[in-house]
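Q: how would this look folded up:
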Amino acid sequence: MRLLLRSSLRYTSAFLGSHTAFKSELVTQAITSYLIKTMHYQTEERGRPNSSDYRIYFKTSDGKYISPFHDIPLLANGDQENDVPSKKLKKNENEVLYNMVVEVPRWSNAKMEIATKEPLNPIKQDVKKGKLRYVANVFPYKGYIWNYGALPQVCSPGQVIQVKVLGVLAMIDEGETDWKLIAINADDPEAPSLNSIEDVRKSRPGHLEATVDWFRKYKVPDGKPENQFAFNGQFKDKDFAVEVVKSTHEHWRALVQKQTNGGQIDCKNVSVSESPFKCSGEDACNVVRSAPAGGEALPVSPEVDKWHFLSK
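A: Sure, this is the predicted structure:
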């Protein structure tokens, strides 16, 4: 379960669920096998997996290329302005479901994310100082401890699933609030009984504490200090989390309609009404065709599987 807000417009969402662990050494085997199960959306790989030119582009079931950032609706219902299909909304009278794009499968290490500065915003592996980024194994946690992803249209990467938002954690990352939304897959057997942070605390003791502990320590093996949190590291409730989502969605709307300066963020889309960044299907195809052709996966350094034991 995850949702992240970087500065005022980047989300990441981690979600609870009973899912099989992904332990493949090759990121392509972990990522692609997970994304290919999407109901309404397909993915297309370009470049060589485990390389800096590897990209995962999105398209609809009829082959129309789209941006997962801009063209997949935030709400998982059929009443969107966009003409991109979404699953039939599953909800009761008091429940709203959101679409979530999975970036990183649970137990994997590659730091995959939406390329917000590139046309059509494909998923790519983050690079820092010329090197691909991986999350370290900080004992007892193997890679990411949940399926990690993002809500579309809130400015931020994928199997597209429906999730129930349960709460939010406010991490401070380099002086900025980095919101971590806690959500559960609506198809999970336990979803009907999990409706709040307190439900998670009662039914899955230790899970929230492990989440805070992971976010606090995951950068330490890279020589960075422990991360800090707002609200004394306490999770805020569902109502608070939904207000954060709404606020960021409005920021995205202003961005994609060019009512605010998006800086280096690429807003090319194929379906957002009244957006000056809207492009044709042919233009979207040309973006994908210009990316490097696919190829065999490159080997991953043995360092990625190294375990780090941190003292208290």
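Q: From here on, just use CA atoms for contacts and neighbour counts.
A: Will do.
Q: where exactly do the helices run in the stretch 151-300 of the chain?
A: Applying DSSP state H, counting those that start in this stretch to the stretch 151-300 of the chain gives helices spanning 197-203, 207-217, 238-256, 281-289.
Q: wait, I meant the stretch 1-150 of the chain
A: Under the criterion DSSP H, counting those that start in this stretch, the stretch 1-150 of the chain contains helices at 27-35.
Q: Would you confirm that Asp199 contacts Ser193?
A: Yes - here Asp199 reaches Ser193: they are 7.5 Å apart, a contact under CA atoms under 8 Å.
Q: The two: which has the busier surroundings?
A: Counting neighbours by other CA atoms under 10 Å for Asp199 and for Ser193 shows that Asp199 has the greater number, 13 against 10.
Q: Contact partners for the more buried one?
A: Ser193 (CA atoms under 8 Å, 6 or more residues apart in numbering).
Q: Gln153 too?
A: Taking CA under 8 Å, 6+ apart as the criterion, Gln153 is in contact with 69-74, 249, 252-253.
Q: Which one of those residues is nearest to Ile182?
A: The nearest member of the contacts of Gln153 to Ile182, counting by CA to CA, is Leu74 at 15.8 Å.
Q: Just to check, that closest one is in contact with Val101?
A: No - if you go by CA under 8 Å, Leu74 and Val101 don't touch, sitting 10.1 Å apart.
Q: Show me the shaky parts of the stretch 151-300 of the chain.
A: Confidence mapping of the stretch 151-300 of the chain against pLDDT under 70 gives the ranges 154-158.
Q: what's the burial count for the nearest residue to Tyr134 once chain neighbours are set aside?
A: Excluding its sequence neighbours, the residue lying closest to Tyr134 (CA to CA, 6 or more residues apart in numbering) is Ala110, at 4.4 Å. Look at Ala110: counted by other CA under 10 Å, it has 28 neighbours.
Q: Let me know the distance separating Ala110 from Arg289.
A: 25 Å (CA to CA, to the nearest Å).
Q: still on that earlier bit, show me which of Leu74 and Val101 is the more surrounded one.
A: Per other CA under 10 Å, whichever of Leu74 and Val101 has more neighbours is Val101, with 26 against 22.
Q: Enumerate every residue touching the more buried one.
A: So Val101 contacts 68, 149-152, 157-161 (CA under 8 Å, 6+ apart).
Q: How much space separates His308 from Lys142?
A: The value you get for His308 to Lys142, if CA to CA is used, is 10 Å.
Q: so what's Leu132 bridging to?
A: In this entry, Leu132 is beta-bridged to Val127, by DSSP bridges.
Q: Check the burial of the residue nearest to Gln125 when sequence neighbours are not counted by counting its neighbours.
A: Closest residue in space to Gln125, ignoring its immediate chain neighbours: Met112 at 4.3 Å, by CA to CA, 6+ apart. By the criterion of other CA under 10 Å, Met112 has 25 neighbours.
Q: these two touch, right, Met112 and Pro122?
A: No - applying CA under 8 Å, one finds Met112 not in contact with Pro122, separated by 10.2 Å.
Q: ok, Pro276 - contacts?
A: Going by CA under 8 Å, 6+ apart, Pro276 touches 256-258.
Q: Mind pulling up the pLDDT for Ile31?
A: With respect to pLDDT, Ile31 scores 46.
Q: Go ahead and confirm Glu113 touches Asn121.
A: No - using CA under 8 Å, Glu113 is not in contact with Asn121, being 9.4 Å away.
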